[in-house]
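Participant: Sequence first, then the predicted structure, then my questions.
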Amino acid sequence: MLTKRRAENLEYLVNVLLEEFKKSNKQLEQLSEEHQRFLQTDYVELVADGLRKAENTRAKERIARIAQILFSVAEIGPAISLDEAEELLRIATNLSDLDVAVLREIHRAQAGFLKENQAGRVNRETANEAWRDSPPKIDGLSLVKMIKKWNQTNGKPVKPSFLLEVMALEILVPPFSGGYPYELKSFFSTAAERIGEVWADPAGLGPPVSDQMDAAKVAKGKQAFRTAEETVSRALRLAREGRNGDALQEWRKVFGRLFPLS
């Protein structure tokens, strides 16, 4: 299974990279000798590094990001710093699309303050003011809150609740064109299959976030996720049938008795 996934990852990376090259207008013979030499030497090592990273990456969007970085490096050529390119590959491997969206919003809200601050960081009061004056617009954050509300309402089958945040960052892939109800259904389905995995601390500073989930708790969490998925599916079906009142009753099972029925 692991060998098959690694092979599929490598194939996916190569296909995305080839598609990027097909869209490029640059021809090899049009490149300078220095650029061609770069592609035959340093670039080959960078591609090998990208392939190694892609092998052990679960999320397809991260593999696509690795391929796009490799293409950009090939297009820029020897003018780019290889150290910077390697760092970009590392970041592409470690960050989900939701992570990137969060960082983009932080930059949007706080970049001006950082430029004015020689210390290179924004104090807490300034950061709070930045978020208050310019609230983040991030697909996924509301979904994470919904998922944590479900956990709280249903007896906290997943502990700690931070584990849900870590799982959501991996599983949820914006943009959410299908709408939140369908994304919730998809999350519960995927989470039921993956709750037993080891979920590392995103900051890399401590033990896995999933450490508290022993076999019994994993089984309980898996069942809770499956029940939630079935409930959301019923709510969606009832809404399609025009039985909105019954659909809202199902949603109340997910989010608790305070969920409005009108």
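Facilitator: Arrived safely. Numbers count the residues shown, from 1 in each chain.
Participant: count of residues packed around the nearest residue to residue 82 once chain neighbours are set aside?
Facilitator: Counting by Cβ to Cβ, 6 or more residues apart in numbering, residue 42 is the residue found nearest to residue 82 once chain neighbours are left out, at 5.9 Å. (Each C-beta comes from the backbone N, C-alpha and C, glycine too.) Using other Cβ atoms under 10 Å, the number of residues around residue 42 comes to 16.
Participant: Over to residue 45?
Facilitator: Neighbour count of residue 45, defined by other Cβ under 10 Å: 11.
Participant: what about it, helix or strand, and which?
Facilitator: helix 42-55 (DSSP states H and E).
Participant: Relative to residue 246, how far out is the residue nearest to residue 78 when sequence neighbours are not counted?
Facilitator: Closest residue to residue 78 apart from its sequence neighbours, by Cβ to Cβ, 6+ apart: residue 38 at 4.2 Å. Residue 38 sits 64 Å away from residue 246, taking Cβ to Cβ, to the nearest Å as the criterion.
Participant: and the residue nearest to residue 82, how far is that from residue 234?
Facilitator: 56 Å.
Participant: Name the residues of the helix or strand harbouring the residue nearest to residue 78 that come out as buried.
Facilitator: Assigned by DSSP H and E, residue 38 belongs to helix 33-40. Neighbour counts over helix 33-40 (16 or more other Cβ atoms under 10 Å) mark 35, 36, 38, 39 as buried.
Participant: and the angle for it with helix 42-55?
Facilitator: Inter-element angle recorded for helix 33-40 and helix 42-55: 30 degrees (by axes from the mean of the first three to the mean of the last three Cα atoms, to 10 degrees).
Participant: quick check: mean pLDDT across helix 33-40?
Facilitator: The average of the pLDDT scores along helix 33-40 is 91.
Participant: Can you dump the C-alpha atoms of that helix in CSV for me?
Facilitator: Only the C-alpha atoms of helix 33-40 are listed here, as CSV (Å, rounded to 0.1, in the frame of the first residue of the first chain):
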residue,chain,number,x,y,z
GLU,A,33,24.5,28.1,-22.1
GLU,A,34,24.7,28.9,-18.4
HIS,A,35,20.9,28.3,-18.0
GLN,A,36,21.2,24.9,-19.9
ARG,A,37,24.2,23.9,-17.7
PHE,A,38,22.1,24.8,-14.6
LEU,A,39,19.3,22.5,-15.8
GLN,A,40,21.7,19.6,-16.4
